[in-house]
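Take this sequence and fold it.
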Amino acid sequence: MADLAALEAARADAYARPLETIDVARGELFQAGTHWPYFERLRREDPVHYCPQSEFGPYWSITRFDDIIAVDSNHQVFSSEARYGGIAIHGYEGMEETMPMFIAMDPPRHDEQRKAVSPAVAPGNLSKLAPLIRERAVRCLDALPIGEPFDWVQRVSVELTTQMLATLFDFPFEERSKLTRWSDVITSIPGHGVVETLEQKTRELGECFAYFTGLWNSRVNAAPTGDLISMLAHSPATRNMDRLEFYGNVVLLIVGGNDTTRNTMTGSVLAMHQNPDQRAKLDANPALLPGMVSETIRWQSPVAHMRRTALSDIDFQGKRIKAGDKVVMWYVSGNRDETAIADPDRYIIDRPNPRRHVSFGFGIHRCVGNRLAELQLQIVWEEILKRFPVIEVVGDPVRNYHTIIHGYEALPVVIPRRL
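Residues are numbered from 1 along each chain as shown. Below you'll find the predicted structure:
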């Protein structure tokens, strides 16, 4: 939770200001953890809300669960196409070129390119990956200090998700820290940590793309294998991609395979610390673990929003959305919608129907790697339960300055003892 005084101040501001002046697309709100009351008011009073002026220009906010599903399901009107702005509220502002990626495409290209990489996260491959995920989790957790503070984000969440990403790419394992850095750079806002300027971000992304171009060149001329780059290089739908399309899909796979799982893994430790009664439930009944995983993904909402662009005028919940308008689905708000989820602000690992959330999106763009994310989180917690009766958070979480990646830069913890 945010500092209580800061949260109360945000609540007072959220309900005092005129509705038309509410702008939820502010990185400082997410960094402080004070975004919640603004979304609460929008859900209650103006769930399809127009913000006429923001850092990213005018935009619509969709804040209720059912409305988010309605927009996410209607790709005929609400487009993901990169040429219209793509999937993030900031679009491609400040960039000389757009980078199409399959999540920022409409059918049929979306479906063809998604199909090219989906075998990597198909059930059969997940069953093969599970022992490796467990082996790495065991090694990582057994190396953690007892009775000494450390940063859970770096020691566990970053390390385990980066190892998995390296495996999916068949990336040189000894150089896997490059993937962590590039993921951070891709999602960074210049001037707010990670990179200082747009020029620095562009330069580091150029290094990333050059490296992956080398991987592509080595694999396009080799026999097909099961890694993501080989799949892209050999699939009829993607093997003739132009340069920018390849770069876009690299960006998507790096961030999608890293940031979301990493931040949910950290969020799970914070949630259990803040709700010790739920940890007691889990200790007493480990069979609750699948529900705990889904509840954590809902509670954390690692992707705060996805953006669409209206292709035509449409009347939506009493509002007139015009062609070309930017429409933002706030998953972080939909997952706290009181009209769709009982006690949505509470973390309840045995709630009925825990998979009822919008963290993975909905419709054709539903997260292709959702089952892998759930598998990683489940295995990590299976191994935590065997080792650590408590993980104490001993300082404030350091949240990132972002409106799309809802996550953490650091979480200081202490493990008092092993079982």
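
Now do the top helix by length along the chain, average pLDDT.
Ordering each helix of the chain by length in residues (DSSP state H) puts helix 198-220 first. Helix 198-220 carries an average pLDDT of 92.

Let me see the residues that make contact with that helix.
Here helix 198-220 makes contact (C-beta atoms under 8 Å, 6 or more residues apart in numbering) with 94-95, 169, 171, 178, 181-182, 185-186, 188, 190, 195, 225, 227, 229-230, 232-234, 239, 246-247, 250, 254. For the C-beta atoms, the positions are set from N, CA and C on the backbone; glycine is no exception.

Can you name the element that comes right after the lowest-mean-pLDDT helix or strand in the chain?
Within the chain, no helix or strand scores below helix 109-117, which has a mean of 78 by mean pLDDT, DSSP states H and E. Following helix 109-117 in sequence order, the next helix or strand is helix 123-142 (DSSP states H and E).

Can you mark which positions in that next one are buried?
With burial defined by 16 or more other C-beta atoms under 10 Å, the residues of helix 123-142 counted as buried are L126, L129, I133, R134, R136, A137, C140, L141.

Repeat that for stretch 43-50.
Of all the residues in stretch 43-50, those buried under the rule 16+ other C-beta under 10 Å are R43, P47, V48, H49.

mind saving the C-alpha coords of it as PDB?
Extracted C-alpha coordinates of stretch 43-50, given in PDB (Å, rounded to 0.1, in the frame of the first residue of the first chain):
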ATOM      1  CA  ARG A  43     -15.800   3.700 -12.000                       C
ATOM      2  CA  ARG A  44     -18.500   5.100  -9.800                       C
ATOM      3  CA  GLU A  45     -19.300   8.400 -11.600                       C
ATOM      4  CA  ASP A  46     -17.900   8.400 -15.100                       C
ATOM      5  CA  PRO A  47     -16.800   4.900 -16.200                       C
ATOM      6  CA  VAL A  48     -16.300   6.000 -19.800                       C
ATOM      7  CA  HIS A  49     -14.400   9.200 -19.100                       C
ATOM      8  CA  TYR A  50     -12.900  11.700 -21.500                       C
END
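
which residues touch P416?
By C-beta under 8 Å, 6+ apart, P416 lies in contact with I146, G147, V390, E392.

make that I384, sorry
Shown in contact with I384 (C-beta under 8 Å, 6+ apart): L141, I391.

for it, helix, strand, or coil?
Of the three states, I384 takes helix under DSSP: H, G, I helix; E, B strand; the rest coil.

how near is it to I349?
14 Å (C-beta to C-beta, to the nearest Å).

how deep is the nearest residue to Y331 once chain neighbours are set aside tucked in, by neighbour count?
With C-beta to C-beta, 6 or more residues apart in numbering as the criterion, Y331 has its nearest non-adjacent residue at 4.9 Å, and that residue is V358. Neighbourhood size, V358 [other C-beta atoms under 10 Å]: 25.

now P172
P172 has 11 neighbouring residues, counting by other C-beta under 10 Å.

now it, nearest residue through space, not along the chain?
Excluding its sequence neighbours, the residue lying closest to P172 (C-beta to C-beta, 6+ apart) is A166, at 7.7 Å.

List the buried residues for the helix or strand containing that neighbour?
Element membership for A166, per DSSP H and E: helix 159-169. By 16+ other C-beta under 10 Å, the buried positions in helix 159-169 come out as E159, L160, T161, T162, Q163, M164, L165, A166, T167, L168, F169.

for the second one, what are its contacts?
L160 makes contact with I133, R136, A137, C140, M265, Q376, V380, according to C-beta under 8 Å, 6+ apart.

so which of those comes closest to G33?
Nearest to G33, judged by C-beta to C-beta, of the contacts of L160 is M265 at 18.2 Å.

circling back to that earlier point, which helices and strands does the least confident helix or strand of the chain pack with?
Using 3 or more C-beta pairs under 8 Å, 6 or more residues apart in numbering; DSSP states H and E as the contact definition, the elements that helix 109-117 packs against are helix 228-234, helix 243-256.

Strands of the stretch 1-150 of the chain, residue ranges please.
Listed in chain order, the strands found in the stretch 1-150 of the chain under DSSP state E, counting those that start in this stretch are 48-51, 59-62, 78-79, 150-151.

Switch those strands over to JSON lines; also include mean pLDDT and distance to I22.
Below are these laid out as JSON lines (pLDDT from 0 to 100; distance: least, C-beta to C-beta, whole Å):
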{"stretch": "strand 48-51", "mean pLDDT": "98", "distance to I22": "7"}
{"stretch": "strand 59-62", "mean pLDDT": "98", "distance to I22": "8"}
{"stretch": "strand 78-79", "mean pLDDT": "94", "distance to I22": "22"}
{"stretch": "strand 150-151", "mean pLDDT": "98", "distance to I22": "34"}
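
Output those as JSON lines; include the columns distance to Q317.
Output for the strands of the stretch 1-150 of the chain, formatted as JSON lines (distance: least, C-beta to C-beta, whole Å):
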{"stretch": "strand 48-51", "distance to Q317": "5"}
{"stretch": "strand 59-62", "distance to Q317": "9"}
{"stretch": "strand 78-79", "distance to Q317": "13"}
{"stretch": "strand 150-151", "distance to Q317": "43"}
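
Which among those strands is found nearest to H90?
strand 59-62 (10.3 Å).

What pairs with that closest one, parallel or antiparallel?
strand 48-51 (antiparallel), strand 326-330 (parallel) (DSSP bridges).

I'd like the next helix or strand past the longest one.
Following strand 326-330 in sequence order, the next helix or strand is helix 331-334 (DSSP H and E).

For that next one, enumerate the helices and strands it packs against.
Using 3+ C-beta pairs under 8 Å, 6+ apart: helix 331-334 touches helix 36-45, helix 65-73, strand 305-310.

so which of the ones you listed is the most packed in?
With neighbours taken as mean count of other C-beta atoms under 10 Å, the helices and strands packed on helix 331-334 reach their highest mean count in strand 305-310, at a mean of 24.

relative to helix 65-73, how tilted is that strand?
In terms of direction (axes from the mean of the first three to the mean of the last three C-alpha atoms, to 10 degrees), strand 305-310 departs from helix 65-73 by 60 degrees.

Please enumerate residues in contact with strand 305-310?
For strand 305-310, contacts defined as C-beta under 8 Å, 6+ apart pick out 25, 59, 71-72, 77-81, 84-89, 91, 321-332, 361, 365, 403-404.

Please tell me how far H110 sits from Y408.
From H110 to Y408 the distance is 30 Å (C-beta to C-beta).

out of these two, which sits in the more crowded spot?
For H110 and Y408, the more surrounded residue by other C-beta under 10 Å is Y408, and the numbers stand at 23 against 19.
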